[in-house]
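Asks: Fold the following for me, if possible:
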Amino acid sequence: MATYNRAHFILETLETIQNQSIVNWECLIIDDGGTDDTEEVLASILKHDLRFQFLHRPDSYQKGLPGCRNYGLDVAKGAYVVFFDDDDIVHPENLRIGLEVLETNNVDFCHYQKLAFETERPLNVNNPITIQQYLTKADIDKVVSQKIGLASCTVLWKKSCFNRVRFNENLLYAEEWECYSKLISENFKGVVISNVLYYNRKHANSNTGEFYRDNPIRRASKKEAILLVIKNLKDKQLLSSSLLRYFVTLATDFREYNLFAQIIALLELSIFEKIKWQFFYSTFPLRLSVYKLKKTFRKI
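Replies: Residues are numbered from 1 along each chain as shown. Purely as a prediction, here's the structure:
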């Protein structure tokens, strides 16, 4: 768990981890150079429950979520790992169900569902484990396009998955999308279950909240993540036409970075392909407007 100035949320998060039905775990809290009283707020729980450790990110890891998570991976002793955020709520059966799915199905990771909340804490619901699908490299299109949303906190991994793949420490947003896409492209196999085992808190000061308020640092990071994902797919010959269409469509939202031109340069396309995708890119806003207009008329 990376943390930065979340003294007002983190204790509630840790208490839900403390209430896990499985008791044999360690929780590494990696402070990213915070300036509030987080460590003082946690003093009691750290003293009385030695499964929690409060660590400061060394300077050898870059500031930010990726650096904290990579440090945590290097320190962690367990065979499994999950990345929780410092402002969310964890279902008490999170670890038990995730481990049961991994061991029963002999897979590398388990992806479960999350439910967003703002102020009122959701009630924990216990449902039978329901497998939606198995996930392999063949599903890379769905993962990259986020039709299957592998959020940072909704996957229990075998720690060995990270032996060769780590979070890119230059990214300050979309780092988990870039990292998890790369892991799927390495052909680690997983299971998607329908059980809700995590509750993410919606608030304006989250990284996601800042991104949707057009924070330039978060937007620039998403642009860099897009290019990194494309390069990895290209190198592994996994960049399908549908995925390229997805990325070109995304580029229309990043015109300030001239992202489309960077994508085309990265792919080294033929002249014909360049013209084809330039036409697609240029006409997309018009086609989108026509689509929305038709949708409105259908409702009427």
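Asks: For this structure, which segments count as strands?
Replies: Under the criterion DSSP state E, the chain contains strands at 2-3, 27-31, 52-56, 80-81, 89-90, 109-117, 131-135, 155-158, 190-201.
Asks: So which of those strands has the densest surroundings on average?
Replies: Of all these, strand 2-3 carries the top mean neighbour count, a mean of 24, counting by mean count of other CB atoms under 10 Å. All C-beta atoms are positioned from the backbone trio N, CA, C, and that covers glycine.
Asks: tell me the mean pLDDT for that one?
Replies: Strand 2-3 shows a mean pLDDT of 96.
Asks: That strand: partners in the sheet, and parallel or antiparallel?
Replies: Note on strand 2-3: by DSSP bridges, its sheet partners are strand 27-31 (parallel).
Asks: could you check the angle strand 52-56 makes with the partner strand?
Replies: Angle, strand 27-31 to strand 52-56, by axes from the mean of the first three to the mean of the last three CA atoms, to 10 degrees: 20 degrees.
Asks: Show me the one of the strands of the chain that comes nearest Y173.
Replies: Nearest of the strands of the chain to Y173, taken as CB to CB: strand 2-3 at 13.5 Å.
Asks: where in this structure is pLDDT low?
Replies: The chain contains residues with pLDDT under 70 at 204, 290-300.
Asks: just to revisit the earlier point, got JSON lines for the strands of the chain, with distance to E39 too?
Replies: Converted to JSON lines, the strands of the chain look like this (distance: least, CB to CB, whole Å):
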{"stretch": "strand 2-3", "distance to E39": "10"}
{"stretch": "strand 27-31", "distance to E39": "7"}
{"stretch": "strand 52-56", "distance to E39": "6"}
{"stretch": "strand 80-81", "distance to E39": "23"}
{"stretch": "strand 89-90", "distance to E39": "21"}
{"stretch": "strand 109-117", "distance to E39": "27"}
{"stretch": "strand 131-135", "distance to E39": "38"}
{"stretch": "strand 155-158", "distance to E39": "27"}
{"stretch": "strand 190-201", "distance to E39": "21"}
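Asks: Compare those and give me the one nearest S240.
Replies: It is, among those and with distance given as CB to CB, strand 131-135, at 16.7 Å.
Asks: With respect to R96, which of the strands of the chain lies nearest?
Replies: R96 lies closest, by CB to CB, to one member of the strands of the chain: strand 190-201, at 9.6 Å.
Asks: Taking strand 109-117 as reference, get the angle to that closest one.
Replies: Put simply, strand 190-201 runs at 20 degrees to strand 109-117, going by the same axes, to 10 degrees.
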